[in-house]
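J.: I would like the atomic coordinates for the input below:
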Amino acid sequence: MAEEIQISGKTYISSKRAAEILGYAQDYIGQLARGGYVDAQRVGGLWYVNTDSILEHKKKADEYVPQPPQRHIPKELESIISLDGKEHISAARASEITGYHRDYVGQLARAKLVSSQQVGNRWYVDRKELVAHKAEKDALLAAVQSEAVGLRKSPETAPEAREARDGGQTYFRYTSHEGKALLPNLLERQKPVYEVGEAQEKEDVEHKIPIYVKAMPVQNYPTVTPYKNLNVQTRRNVRSYGTNLPGGLTALTIFAAIIFGAGAYLFFGTTSISIANFLSNGNNIVKESDGILFSTFSNVASAISGFAELMEQYLIPELEYRSR
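T.: Next up is the predicted model:
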């Protein structure tokens, strides 16, 4: 495969050779040839490009500097018109002069705070009135800020009135120093406004601070008085028992109870033996012993109950409950 051929008096080199010389990729050389960006010929399926054409293309590519796209915003014309002999400027121009936003300038114009005129969809405001409005607001803002930080404006003193002099008159007058001291007498001093130590010797000034004491009303709460004279007596519904017995009678009663208990024990012991004998003699005897046993227990129970009532009269005192 030939790397260089002559066609119509022009020298063409292969795409492979052009890629080696220029530093491009072989595919990029073929893309330039197919797009018609360089003079090229296709021979036997291979692309051959003209040497001068490919060198000129590389030179232009090296000189080209890419730039990022920029958004083009049309600038509004700074229009100035004259209305009623006064200079009016647009809201855009007014915002640049005063530093206000265009919307705020339009708000001033709509509120009639400055002389303005609407032409089409634009507002034109009087320049002098707008500048005066800004100066007034700036002065007010400065006063508010100085008041906020505690700065006080010193009172303005009127300038001393100077006597008008004629330029032809003598401005300086020279006098003779004969018989006068050249230096002032420093011993004669003006008496000071405050004597030494006067400020420290002042008596202390008492500052009385009134203190208000607010008396709170005393609330009287109702007191609960208990019922003392309550003539209500609660008495137990019991039978009246006797009074307490003396010591000797009490001992006698206890001795009688012991004797009665011993007799009852002997009586019950003999009755149980007889009942056992009756049970061993047959059914008839058992039936008779059951009746005898039932009557015996009834008699013993009635005897014990009567004895308990008797002892209760002498041993247990009568109880009365009273509420005071």
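J.: domain assignment for the chain?
T.: The chain is divided into the following domains under automatic domain parsing: 4-63, 80-149, 247-315.
J.: how about these in CSV, adding distance to residue 175?
T.: Quick note: C-beta positions are derived from backbone N, CA and C, even for glycine. Converted to CSV, those look like this (distance: least, Cβ to Cβ, whole Å):
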stretch, distance to residue 175
domain 4-63, 89
domain 80-149, 50
domain 247-315, 148
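J.: Make TSV from these and add mean neighbour count and distance to residue 174 to it.
T.: Formatted as TSV, the domains of the chain follow (neighbours: other Cβ atoms under 10 Å; distance: least, Cβ to Cβ, whole Å):
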stretch	mean neighbour count	distance to residue 174
domain 4-63	15	85
domain 80-149	15	49
domain 247-315	12	151
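J.: of these, which approaches residue 217 most closely?
T.: Checking the domains of the chain against residue 217 by Cβ to Cβ gives domain 80-149 as the closest, at 45.5 Å.
J.: what about that closest one, how long is it end to end?
T.: Distance across domain 80-149, first residue to last, is 41 Å (Cα to Cα, to the nearest Å).
J.: for stretch 99-117, same thing?
T.: Using Cα to Cα, the end-to-end distance of stretch 99-117 comes to 20 Å.
J.: With stretch 2-15 instead?
T.: 11 Å.
J.: Mean pLDDT and distance to residue 178 added to the domains of the chain, as a markdown table?
T.: Below are the domains of the chain laid out as a markdown table (pLDDT from 0 to 100; distance: least, Cβ to Cβ, whole Å):
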| stretch | mean pLDDT | distance to residue 178 |
| --- | --- | --- |
| domain 4-63 | 84 | 95 |
| domain 80-149 | 85 | 57 |
| domain 247-315 | 62 | 151 |
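J.: who wins for proximity to residue 180 among the ones you listed?
T.: domain 80-149 (51.4 Å).
J.: returning to that earlier point: how about the domains of the chain, which one is nearest residue 219?
T.: domain 80-149 (49.3 Å).
J.: Can you tell me how far residue 138 is from residue 5?
T.: 83 Å (Cβ to Cβ, to the nearest Å).
J.: One more: residue 102?
T.: Counting by Cβ to Cβ - residue 102 and residue 5 are separated by 69 Å.
J.: And the strands in the chain?
T.: 4-7, 10-14, 40-43, 46-50, 80-83, 86-90, 116-119, 122-126, 233-234, 321-322 (DSSP state E).
J.: a markdown table please, covering the ones you listed and showing distance to residue 27.
T.: A markdown table is the format used below for the strands of the chain (distance: least, Cβ to Cβ, whole Å):
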| stretch | distance to residue 27 |
| --- | --- |
| strand 4-7 | 21 |
| strand 10-14 | 14 |
| strand 40-43 | 14 |
| strand 46-50 | 10 |
| strand 80-83 | 62 |
| strand 86-90 | 58 |
| strand 116-119 | 62 |
| strand 122-126 | 58 |
| strand 233-234 | 127 |
| strand 321-322 | 128 |
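J.: Relative to residue 97, which of those is closest?
T.: By Cβ to Cβ (comparing all of those), the closest turns out to be strand 86-90, at 7.4 Å.
J.: Contacts for the closest one next, please.
T.: 76, 78-82, 97, 115-117, 122-128, 130 (Cβ atoms under 8 Å, 6 or more residues apart in numbering).
J.: try stretch 50-70
T.: 10, 11, 12, 13, 18, 22, 29, 32, 37, 38, 39, 40.
J.: Quickly note the distance from residue 102 to residue 7.
T.: For residue 102 relative to residue 7 (Cβ to Cβ), the value is 67 Å.
J.: before we move on, what about residue 87?
T.: Residue 87 is 75 Å from residue 7, by Cβ to Cβ.
J.: now do residue 307
T.: For residue 307, the distance to residue 7 - Cβ to Cβ - is 165 Å.
J.: Between the domains of the chain, which one is closest to residue 183.
T.: So among those, domain 80-149 is nearest, using Cβ to Cβ, at 47.1 Å.
J.: just the contacts of stretch 50-70 now: which is nearest residue 111?
T.: residue 37 (63.9 Å).
J.: Which residue, neighbours along the chain excluded, lies closest to that closest one?
T.: residue 57 (6.2 Å; Cβ to Cβ, 6 or more residues apart in numbering).
J.: again with residue 130
T.: The nearest residue in space to residue 130 (Cβ to Cβ, 6+ apart) is residue 114, at 5.2 Å.
J.: any idea how far residue 106 is from the one you found?
T.: For residue 114 relative to residue 106 (Cβ to Cβ), the value is 11 Å.
J.: I'd like to know which of the domains of the chain lies nearest to residue 214.
T.: domain 80-149 (36.5 Å).
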